[in-house]
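K.L.:
from the sequence below, what's the structure:
(2 chains)
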Protein chains: 2
Amino acid sequence: MSQPRRRLLLSAFLMNTPAHILEGLWRKPGAEQVRYNELALWTDLARQLEAAKFDALFFADVVGLYGNFNGGWDAFVSKGLQIPSNDPSVIISALAAATENIGLAYTSSVIQDPPFDFARKISTLDHASNGRIGWNIVTSEIANAHRNFNQPGFTPHEERYAWADEYVEVVYKLWEGSWDEGALLVDRERGVFADPAKVHKIWHKGPRYSVEGPHLVTPSPQRTPFLFQAGTSKTGRAFAARNAEAVFTFSGSPEDARHLVDDVRAQAVAHGRNARDLAFFAGLSFVVGSTEEEARRKKAEYDEYLDLEGLAAHAGGALDIDLGGVPLDTPLKDIRTEGGQGILDSLIRATPGNAPTVADMVRWRAENMRLVGTPEQIVDQLERWQDAGIDGINIVNHVIPGSYSEFIEGVLPELRRRGLAQSEYAPGSFREKVFGAREGFASGAQGAGYLSDRHPAARYRGAFVDVPK
Amino acid sequence: MSQPRRRLLLSAFLMNTPAHILEGLWRKPGAEQVRYNELALWTDLARQLEAAKFDALFFADVVGLYGNFNGGWDAFVSKGLQIPSNDPSVIISALAAATENIGLAYTSSVIQDPPFDFARKISTLDHASNGRIGWNIVTSEIANAHRNFNQPGFTPHEERYAWADEYVEVVYKLWEGSWDEGALLVDRERGVFADPAKVHKIWHKGPRYSVEGPHLVTPSPQRTPFLFQAGTSKTGRAFAARNAEAVFTFSGSPEDARHLVDDVRAQAVAHGRNARDLAFFAGLSFVVGSTEEEARRKKAEYDEYLDLEGLAAHAGGALDIDLGGVPLDTPLKDIRTEGGQGILDSLIRATPGNAPTVADMVRWRAENMRLVGTPEQIVDQLERWQDAGIDGINIVNHVIPGSYSEFIEGVLPELRRRGLAQSEYAPGSFREKVFGAREGFASGAQGAGYLSDRHPAARYRGAFVDVPK
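P.N.:
This is a model prediction of the structure:
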């Protein structure tokens, strides 16, 4: 690369649960994620990440049981595998009060909160945090989650995305269109708090939602929160290309990531957006040593606790295959599945080796996301990810807060030495910090934190001015 | 009264909006409620209330426009009258982090969050606050709120309460029945986070909700949050008698309060609860002077800003009568209404004077909730409310934080002098602080913060033990 590298965006990938991705690690001494119910675990971590100038902390979330293992869900409970889990949205304001600059992003599914209520919660938080809120838009693929929300069970993929399309339409209308610029007056002299001529109902009527409005919250620093998405299916990518400002990816290699990044950027351009209107984050985990040997030794210490059966339960849940009841050394090709044969075939192709077993596959999935080595070796590898089009990393933890301390002490100085990490925050909202100030807007000015004019939500600005009250 | 008086429970009655109840006061210099978007306004207030040993701060909430005034909703926007307003649930964790003892209660309507999602949010907050969460159960009477949530418009009163009955049934099942005592193990040695045999799906199927479960959150210090309710209709009282642990009231006088209190307590007893299983709070506001003259002068200063038209808009919204378009000096008997004649008649009877006008009525409504005088005079009056069966007060503000400072500096010392206010918090959860430790439980022990065994939610304890997974 001849052009100077951009800095890497840094996000901490969290879930308010004992066992998020690298299963079994909660057992390791010093794994504080078992304190996930305590607010202080998260406020302390937020302060630590902000001191290191992380761009964001991001809470994944799932609103139901992940899947079946051995025909039921016992394994998930006994392994703490995303159950128990807490709702991230209601702890965000404590993190906002504990910090000043770090972005605060969380997952909320379209099946979860009605759009009127959700839009109001987000706007409240965007005010409370001075414009630091991010929303990861998900559609919930697991059946139990749907059955927790009055749905009959599994909702087909295409239908879920149609649902998401209408959901974002409603919240975009509320965030961007219900209150015009300049509506808020707070004129104590004349006794006029807001100008009624500039506040509008949205009168949304669609196949799934009927929402009158107006939005109850004044425009927050970002109006629409910073928008994340993580879909990798064809429909998911198309949705991201239209809506996302940042995309979370889990790719097996920089080369795999490049295919995804190039595809989604190209689709975004086809929708009238710029390729650089989207930032891509790779989900990666780090084991750092002052020598390669030390890093290998530390990795071996983590691996002692890595629960292969837990990884199999998680992988099976995500892939809709029950991987329980078969020994871990069963070759993947000997597994019988009803609905998941296509997924199983792709796993067999992807996993290295001649006749990969279940253990091989889950070990490979964990290996793939882990960069192990000296700071120089790790940053060399991160440059390869960057060359593939990745803008940032979403750091998966072995232990909380240890994995973040390890990254901050081990990797961050080398990133800074190469000019790949910020030493100070840019001013303004989360969006301004990630993308820089928008043309024509002074940072921190009204509107400077808003979505790009090229984003589809921008069409609702001023859209309800002439709508009857 | 020959028996020694109990202390009065103290709650601050708030709404995250510029103009909650005493309309127009946001214009007064020093009225910081105009900063309602800022987290610091609320965290600072929470700390101040906790330093004064208040039992609770309580956020009212409304998820739509209040009503019509002059045939539309412009007046509400220009007066800041409950629009704009923010969602209280998402700022509670910041208040929890800023305090240690004060109860944190908020309103959430059954039309707002689906019960699975709501139960999880509450449980997360009850963990985050160490058992200090209260929920005010409301059914939303205003039509615009219903039209923000896929409802056709006004939902009949009885139907709303039937809805609420099913809603609380679902959340009770999740809070009380889904996780047995002792389910959580966090056994690092054996690698067992929780015992699957003690975690259950609830399989709820009812006319409005279908919720499979399990609850995703481990039992919080209170399991079920402290339950508030504020219904005054026949159906509302019956609901409170079955479900509420505290009831908010706005009565014209201690004598009126007594009728309500006696009625609801008697109904509670008929349901197998104890009369003292419910605490009653009176909504009152305070203007304190070192002399009566000083208090009158301060009241006159507040009254300069009191917006009679705003009070009329609010009263009309609550009563479903559009009081706009008629001059404030119009006699109530000359007002024409289609649906609200019964309410109007009762207002004509209640308002003092021969031919009370709209202005007389709204002034009377504001006067009624205000106690004005020296500390001694005010506490004398509070004792009359207490004699009528009232257990605590829910303090309505003219200005934030000034009205609370005025109460804390002016009234609280006199309450303490008479043994009517606590100087230290009792240990334990919000419920233990209000009701005292339950028999057989050490304060702070597992279960000590739970609902009384006489509460209907208690029937779901252990109810799903034998239910198939």
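
K.L.:
from here on, contacts and neighbour counts on C-alpha atoms
P.N.:
Will do.

K.L.:
show me where the stretch 1-150 of chain A has its strands.
P.N.:
A:9-15, A:56-60, A:103-109, A:133-138 (DSSP state E, counting those that start in this stretch).

K.L.:
what's the last one in contact with?
P.N.:
Surrounding strand A:133-138, the residues in contact under the criterion CA atoms under 8 Å, 6 or more residues apart in numbering or on different chains are A:103-110, A:122, A:125-126, A:164, A:225-231, A:430.

K.L.:
quick check: ChimeraX command selecting the buried ones in those residues.
P.N.:
In ChimeraX syntax, the buried subset of the contacts of strand A:133-138 is picked out as below (16 or more other CA atoms under 10 Å in any protein chain shown):
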select /A:103,104,105,106,107,108,109,110,122,125,126,164,225,226,227,228,229,230,231,430
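
K.L.:
the contacts of strand A:133-138: which ones sit near chain B?
P.N.:
residue A:125 (CA under 8 Å from any CA of the partner chain).

K.L.:
how about low-confidence regions in the stretch 1-150 of chain A?
P.N.:
A:1-2 (pLDDT under 70).

K.L.:
any idea which residue of it lies closest to chain B?
P.N.:
The nearest approach of the stretch 1-150 of chain A to chain B comes at residue A:94, 3.8 Å away (CA to the nearest CA).

K.L.:
with adjacent residues omitted, what lies nearest to that residue?
P.N.:
Spatially, and ignoring its direct neighbours in sequence, residue A:94 is nearest to residue B:94 (3.8 Å; CA to CA, 6 or more residues apart in numbering or on different chains).

K.L.:
for the one you found, give me its contacts.
P.N.:
By CA under 8 Å, 6+ apart, the neighbours of residue B:94 are A:91, A:93, A:94, A:95, A:96, A:97, B:39, B:43.

K.L.:
of these, which belong to helices?
P.N.:
A:93, A:94, A:95, A:96, A:97, B:39, B:43 (DSSP state H).

K.L.:
show me just the buried residues among those.
P.N.:
Buried among these by 16+ other CA under 10 Å: A:93, A:94, A:95, A:96, A:97, B:39, B:43.

K.L.:
of the residues you listed, which is the nearest to residue A:310?
P.N.:
residue A:95 (30.1 Å; CA to CA).

K.L.:
tell me the contacts of that closest one?
P.N.:
A:42, A:43, A:46, A:104, B:94.

K.L.:
in chain A, which residue is most central in space?
P.N.:
residue A:136 (5.1 Å; CA atoms, centre = their mean).

K.L.:
look up how far residue A:183 lies from the closest residue to residue A:462 other than its chain neighbours.
P.N.:
Once flanking residues are discounted, residue A:462 sits nearest to residue A:177: 5.6 Å by CA to CA, 6+ apart. Using CA to CA, to the nearest Å, residue A:177 is found at 12 Å from residue A:183.

K.L.:
among the two, which residue is more densely surrounded?
P.N.:
residue A:177 (28 against 18; other CA atoms under 10 Å in any protein chain shown).

K.L.:
before we move on, the earlier item: state the distance from the residue nearest to residue A:94 to residue B:223.
P.N.:
21 Å.

K.L.:
my guess is residue A:455 meets residue A:269, correct?
P.N.:
No - taking contacts as CA atoms under 8 Å, residue A:455 lies outside contact range of residue A:269: 11.0 Å.

K.L.:
phi first, then psi, for residue A:281.
P.N.:
phi -110, psi 130 (degrees, to the nearest 10).

K.L.:
sorry, wrong one. I was asking about residue A:248.
P.N.:
Dihedral angles for residue A:248 - degrees, to the nearest 10 - are phi -90, psi 130.

K.L.:
again with residue A:162
P.N.:
phi -60, psi -40.

K.L.:
got the contact list for it?
P.N.:
Per CA under 8 Å, 6+ apart, neighbours of residue A:162: none.

K.L.:
for the stretch 201-350 of chain A, what lies in contact range of chain B?
P.N.:
Counting by CA under 8 Å from any CA, the stretch 201-350 of chain A sits next to chain B at A:209, A:210, A:211, A:212, A:213, A:214, A:216, A:217, A:218.

K.L.:
out of the residues you listed, who's nearest residue B:461?
P.N.:
Nearest to residue B:461 among those is residue A:209, at 36.2 Å by CA to CA.

K.L.:
excluding chain neighbours, what is closest to that closest one?
P.N.:
residue B:150 (5.9 Å).

K.L.:
surely that neighbour is in contact with residue A:210?
P.N.:
Yes - if you go by CA under 8 Å, residue B:150 and residue A:210 touch, sitting 4.7 Å apart.

K.L.:
chain neighbours aside, what residue packs nearest to residue A:228?
P.N.:
residue A:136 (4.3 Å).

K.L.:
kindly report the same for residue A:375.
P.N.:
residue A:411 (5.1 Å).

K.L.:
backbone torsions only: list them for that neighbour.
P.N.:
The phi/psi pair for residue A:411 (degrees, to the nearest 10) is phi -100, psi -40.

K.L.:
can you pull the pLDDT of it?
P.N.:
pLDDT recorded at residue A:411 is 98.

K.L.:
how about the one 3 residues further on?
P.N.:
pLDDT recorded at residue A:414 is 98.

K.L.:
and it, what are its phi and psi?
P.N.:
Torsion angles, degrees, to the nearest 10, at residue A:414: phi -70, psi -40.

K.L.:
surely it and residue A:379 touch.
P.N.:
Yes - between residue A:414 and residue A:379 there is a contact at 7.0 Å, judged by CA under 8 Å.

K.L.:
which residues are in contact with residue A:89?
P.N.:
A:106, B:90.

K.L.:
ok, residue A:8 - contacts?
P.N.:
A:386, A:391, A:392, A:393, A:420, A:421.

K.L.:
same question, residue A:442
P.N.:
Residue A:442 touches residue A:448, counting by CA under 8 Å, 6+ apart.

K.L.:
next, it: secondary structure please.
P.N.:
coil (DSSP: H, G, I helix; E, B strand; the rest coil).

K.L.:
how close does it sit to residue A:429?
P.N.:
12 Å.

K.L.:
who wins on neighbours among the residues of the stretch 201-350 of chain A next to chain B?
P.N.:
residue A:216 leads these on contacts (other CA under 10 Å) with 29 neighbours.

K.L.:
redo the contacts of residue B:94 as a markdown table? Include distance to residue B:337.
P.N.:
Formatted as a markdown table, those follow (distance: CA to CA, whole Å):
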| residue | distance to residue B:337 |
| --- | --- |
| A:91 | 46 |
| A:93 | 44 |
| A:94 | 47 |
| A:95 | 50 |
| A:96 | 48 |
| A:97 | 48 |
| B:39 | 42 |
| B:43 | 43 |
